[in-house]
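[1] starting from these lines, generate the structure:
(2 chains)
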Amino acid sequence: MTTFDTTLTPADLKSDISRLFLKKRLMNFALPAAVLAYLAYVFVAFDMPGLWERASLDNARTLISDSYSYKTHVTRDNRSGAVSVAIEGERKGAYPEGMSPDWVALGETTVIDLEDGHVVTFGPETIEYLIPGYGVVRATPSRRAGVQTELPAGDVPEWISVSKNRLAVTTDAGRLTVTRNRAEVFRYFAGWELFFFTLDSPYYGMGAAELLQRAATGEGGAIFQEFWTNKMWRHQDVAWAIAETLLMAFLGTIGAGIIALPLAFAATRNFMPLRSIRFAMRRLFDFVRGVDSLIWTVVLARAFGPGPLTGALAILVTDTGTFGKIFSEALENVDQKQIEGVASTGAGPVQRYRFGVIPQITPVLLSQLLYFLESNTRSATIIGAITGGGIGLLLTQAIITQKDWEEVAYYITLIILMVMLMDWFSGWLRRRLIKGEGGKPRRKGRAGTAFLLP
Amino acid sequence: MAELTAARPGIEDIRQHYTAHTQRKRLYGGILLAVFVALMAAGFRTADARNAGSFADGFTRIFDYPAEVLAEAAEKAAQLPGHLVHFFPALVETLNIAAASTLVGAVFGTLLSLLATRGMAPWPALIPLFRRISDICRAIPEIVIALVLIFVLGGGPVAAMLAIAIHTAGALGKLFSEVNENASLKPVEGLTSVGATWAQRMTLGVIPQVGPNYVSYALLRFEINIRASAILGFVGAGGIGYELKNAMSWGQGRYDEAAAIFLLLFVTIVAVDQLSGLLRDRLTHGAKA
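    Coordinates of the predicted model:
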């Protein structure tokens, strides 16, 4: 609030106010203008115009479609004439010899029904694709003459590509490729394939009701075992990876708290009379905090190798600095009266700390530990991706293969759920442990301590 | 009340009662502590067992790598200024990623927070939806979005910027909406009564009240984002992290470069930390004086 001098003449007052308004107006334009100018600079510096050329829309398309759907490959070896069916074309997803999904009829001539009237036939010599509204595409592969293709009369549509040695047809129903060595049909389905059981499992294709019934008759263990050791989705490994990530966050956060607490005493004015030690301690905290967690991770990974321990130690070292700072600030705000009161009953130094100091800082201590436990779950994922450990490692591995996007989507979902769950859990525990915080997030003291939370 | 009318307990009874109570409390505390220590120990053993190198071996070697780097850097101390100049553009890129993502994240965070605060939201029924959106944005670690975007957009600063911006929008959205809850709604009501639109009510009625707190939180986020953008560089998003990875994977012979990068990163983080600390202090305490 600006108070005006009442002795001013109206003319002075007016000029004062006009000046104030002009300043405010200028500020109102100058600030957004500065932000815009900066963003424009970034636009150029990051080479945004060139981005569209570098960006691969094909990659984006495969990524999105693959993350919620899968394809089944029906492959004919043109030399032997053998037909195999495999999900995603992987060995782990191959149908056993002689077994096939109900839309593939194996035999002398294999008939593949792609629905909506699209039918592909693998004959002894010739491969035919009946496309409704267009006609029949015939291809005869041979070792000598390549792939001889017969198309219906007229121009070749753009979704068919023909060359001497290759034919590719892409329709909404599926995709057919014929080369000299093999013919392959892809059919797309929505969903995550074989998520519960792989094809070699006796429980593949069973409904939930039947599974429950079997579980009730004592097969529960076996069913769980089949699910747990699913080779395609590796539920066991994923569960371990998540446990590792949580372990990193837990060990790192709690360990940092345990180490930082005694050190914090040495950095406070009221508990450490020696100025030099206080100063050294504070600079140590600043140094540990200033050396980025990335650098700590790199250095520690050299000493300990990849794994959860390295991640836990990296979190521990980084957070020791942060906790040291927060705790020492809390300790400096401790009420001396309570300590004097405890001392007046004849308590020794240990009891003075235990009953005079610790109860006062417990709320700050616990709430910070829990805040960091949540945010460190996220950090542990990131550190795991760098050092190799936990769900971060699985995620980077899945992304590097550039084809298992359904697994990437699965891991991302799990990570989000894990972090949200930790968020909820730490909030719940905080409310339970720290009375007076009620159902609301805490208000006072935010400007001080909570400012350090990442 | 019942205690008073019944026969008064003797002092001996009270003492016994109190002692029993204290002992029980201590026992519970002791059990809790024991469980906790056991959990820590078991966790440590598991982590140790699943790690490539063991704690006992590695502990003695913690300072080997820094020592090697420093020794080589000291040997080639004359080249250090050159390296610092050479890597400065990469540092600027990292800072740009952090700044741009903080700005973009703050803009979206503001929107999310205004849409998710009772009394300010234009569609009160959708408040839970916007809260969940900001929760989800906050829960995704930057690296996840960055890795996916690198695949689509190719390596570079834009992927990192977008990834950090999404996380920042979620994190700031939550912090901002807490600030909003403390803001007075009277200016908003006043503006409503003269027929202001939602955008006018927010920019003229709410933002001036919460501005300093917003800026203060955004500055804090900027600090965090510098660290994040350095890390993302390490997985291929450009900036100083990328240079660090190159220098490191080269191994011995280019440790002087690694040392220069360490130094740049350290100085930047400490400088920004101090600067934003000062600014934040002025914004929350000193600005009004």
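[2] looks to me like residue A:138 is in a helix.
    No - looking at residue A:138 with DSSP: H, G, I helix; E, B strand; the rest coil, it is strand, so not inside a helix.
[3] ok, it touching residue A:162?
    No - using Cβ atoms under 8 Å as the test, residue A:138 is too far from residue A:162 to be in contact (11.6 Å). All C-beta atoms are positioned from the backbone trio N, CA, C, and that covers glycine.
[4] shared neighbours, the two?
    Contact with both residue A:138 and residue A:162 is made by residues residue A:149, according to Cβ atoms under 8 Å, 6 or more residues apart in numbering or on different chains.
[5] flag every residue of the stretch 151-289 of chain B that's near chain A.
    Residues of the stretch 151-289 of chain B lying near chain A by Cβ under 8 Å from any Cβ of the partner chain: B:151-154, B:156-158, B:161, B:178, B:182, B:216, B:220, B:224, B:227, B:230-231, B:234-235, B:241, B:244, B:248, B:262, B:265-266, B:269-270, B:273, B:280, B:284-285.
[6] swap in 7 Å and give it another go.
    Residues of the stretch 151-289 of chain B lying close to chain A by Cβ under 7 Å from any Cβ of the partner chain are B:151-154, B:157-158, B:161, B:178, B:220, B:224, B:227, B:230-231, B:234-235, B:241, B:248, B:262, B:265-266, B:269-270, B:273, B:280, B:284.
[7] just the buried ones out of the residues you listed, please.
    Buried by 16 or more other Cβ atoms under 10 Å in any protein chain shown: B:151-154, B:157-158, B:161, B:178, B:220, B:224, B:227, B:230-231, B:234-235, B:241, B:248, B:262, B:265, B:269, B:273, B:280, B:284, out of these.
[8] now the residue of the stretch 351-454 of chain A found nearest chain B: which helix or strand?
    The stretch 351-454 of chain A approaches chain B most closely through residue A:419 (4.0 Å), counting by Cβ to the nearest Cβ. Using DSSP states H and E, the element containing residue A:419 is helix A:405-433.
[9] show me the contacts for the residue of the stretch 351-454 of chain A closest to chain B.
    By Cβ atoms under 7 Å, 6 or more residues apart in numbering or on different chains, the residues touching residue A:419 are A:377, A:378, B:139.
[10] which segments of the chain make up each domain?
    Picking chain A for this. The record's domain parsing of chain A by automatic domain parsing lists A:72-189, A:235-452.
[11] let me rephrase: I mean chain B.
    B:9-58, B:68-286.
[12] JSON lines for those, including mean pLDDT and distance to residue A:131?
    As requested, these are exported to JSON lines (pLDDT from 0 to 100; distance: least, Cβ to Cβ, whole Å):
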{"stretch": "domain B:9-58", "mean pLDDT": "85", "distance to residue A:131": "54"}
{"stretch": "domain B:68-286", "mean pLDDT": "84", "distance to residue A:131": "32"}
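[13] which of these is buried the deepest?
    Ranked by mean neighbour count, the domains of chain B are led by domain B:68-286 with a mean of 19 (mean count of other Cβ atoms under 10 Å in any protein chain shown).
[14] check contacts around the nearest residue in space to residue A:59 that is not next to it in sequence.
    The spatially closest residue to residue A:59, leaving aside those adjacent along the chain, is residue B:152, at 5.2 Å (Cβ to Cβ, 6 or more residues apart in numbering or on different chains). By Cβ under 7 Å, 6+ apart, residue B:152 lies in contact with A:55, A:56, A:59, A:60, A:63.
[15] check which element follows the host helix or strand of residue B:152 along the chain.
    Per DSSP H and E: residue B:152 is located in helix B:142-153. Counting by DSSP H and E, the next helix or strand C-terminal to helix B:142-153 is helix B:157-181.
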